[in-house]
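Q: sequence unknown, structure follows:
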């Protein structure tokens, strides 16, 4: 009984020593981290705030600093009162607002040199308790330097790309989508496992994202397909028919000419008689 009494007093003392508003407010960014933005478009960050029913948000502060985390480069972008409404931005292209339990920051005409970095959102409740969340913002890069290499040991082709944002990989064989008779593509799209034998033809890897695409091709030995053999046979048959037809036309022409000469000779003899 004495032990329980002692522990109860310890718990009560710890609760009294806790700062006022402990865990009474929390906040998290709704965007996926990191956020990539195409230069010249608008950056929009959204966050949700949660707090106890008896507490209220008194201040919302958006800040930015270099991604390296240098505090000397930190600057305040917008400060918002806890109640719903627009916030006071520090620059003309910066806009922020608070609506119920969400807050939004918008940077118009994103420029990575001045707008990229580590963004932070600090929410302060009426008791003075604060919660801060961070989000990295970077420029959306086009795909660069696509290459295709072969791994002879497992008959696979590997497609590589330098530093493009959110690259998507698509494979083609002789400009057609990869079929089961040619091979299978890995889940991430970077590797083509070839099942056709022998390996022949042109294999192309196209890498794309929102800003465009680029490709690279691996060329193996030319494929000797049944289709090509059939095409060659058809061409030969057409040529043969043309030769036979030409010979037949020539024979008919000669015969017609010979008949005409005979008729003219007969008419000449009749006239003389």
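A: That came in fine, so what should we check first? This structure is a prediction, so every number in the text was calculated from the model and none was measured. Numbering: from 1, shown residues only.

Q: from now on I want contacts and neighbour counts done on CA atoms only, so please keep to that.
A: Noted.

Q: what is the burial count for residue 82?
A: For residue 82, the count of nearby residues is 22 (other CA atoms under 10 Å).

Q: is residue 105 in a helix, a strand, or coil?
A: strand (DSSP: H, G, I helix; E, B strand; the rest coil).

Q: does it have beta-bridge partners, and which?
A: residue 45, residue 96 (DSSP bridges).

Q: confidence score at the closest residue to residue 38 other than its chain neighbours?
A: Take residue 38 and drop its neighbours on the chain: the residue closest to it by CA to CA, 6 or more residues apart in numbering is residue 140, 4.8 Å away. The model reports residue 140 with a pLDDT of 97.

Q: for residue 189, see how far away residue 140 is.
A: From residue 140 over to residue 189 the distance is 20 Å, taken as CA to CA, to the nearest Å.

Q: over to residue 241?
A: Counting by CA to CA, the separation of residue 241 from residue 189 is 49 Å.

Q: those two: which has the busier surroundings?
A: residue 189 (17 against 12).

Q: what about that one, helix or strand, and which?
A: Using DSSP states H and E, residue 189 falls within no helix or strand.

Q: ok, it touching residue 168?
A: Yes: using CA atoms under 8 Å, residue 189 makes contact with residue 168 at a distance of 7.3 Å.

Q: list the contacts for the residue nearest to residue 52 when sequence neighbours are not counted?
A: Using CA to CA, 6+ apart and skipping the chain neighbours, the partner closest in space to residue 52 is residue 24 (5.5 Å). Residue 24 makes contact with 51, 52, 55, 125, 129 under the criterion CA atoms under 8 Å, 6 or more residues apart in numbering.

Q: if we use 10 Å, what do you get?
A: Residue 24 makes contact with 50-56, 124-127, 129-131, according to CA atoms under 10 Å, 6 or more residues apart in numbering.

Q: likewise for residue 34?
A: Contacts of residue 34 (CA under 10 Å, 6+ apart): 118, 134, 135, 136, 137, 138.

Q: tell me the pLDDT of it.
A: Residue 34 is given a pLDDT of 95.

Q: against residue 209, how distant is it?
A: Residue 34 is 16 Å from residue 209, where distance means CA to CA.

Q: low-confidence ranges in the stretch 151-273 of the chain?
A: Flagging of the stretch 151-273 of the chain using pLDDT under 70 yields the residue ranges 225-236, 245, 250, 253, 256-273.

Q: residue boundaries of the strands in it?
A: For the stretch 151-273 of the chain, strands defined by DSSP state E, counting those that start in this stretch occupy the ranges 156-160, 168-173, 176-177, 183-185, 191-194, 202-209, 212-219.

Q: now tabulate those strands in TSV and tack on distance to residue 44 and mean neighbour count.
A: Shown next, in TSV, are the strands of the stretch 151-273 of the chain (distance: least, CA to CA, whole Å; neighbours: other CA atoms under 10 Å):
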stretch	distance to residue 44	mean neighbour count
strand 156-160	31	20
strand 168-173	24	19
strand 176-177	37	11
strand 183-185	35	17
strand 191-194	35	20
strand 202-209	20	21
strand 212-219	23	16
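
Q: so what's residue 169 bridging to?
A: residue 207.

Q: ditto for residue 151
A: With DSSP bridges as the rule, residue 151 is bridged to residue 156.

Q: adjust the sequence numbering to begin at 441 for everything that follows.
A: Done: numbering now begins at 441, and the last item shifts to residue 591.

Q: ok, now which ones touch it?
A: 597, 598, 631, 633.

Q: reformat those residues as a markdown table; add distance to residue 664.
A: Below are the contacts of residue 591 laid out as a markdown table (distance: CA to CA, whole Å):
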| residue | distance to residue 664 |
| --- | --- |
| 597 | 21 |
| 598 | 25 |
| 631 | 25 |
| 633 | 21 |
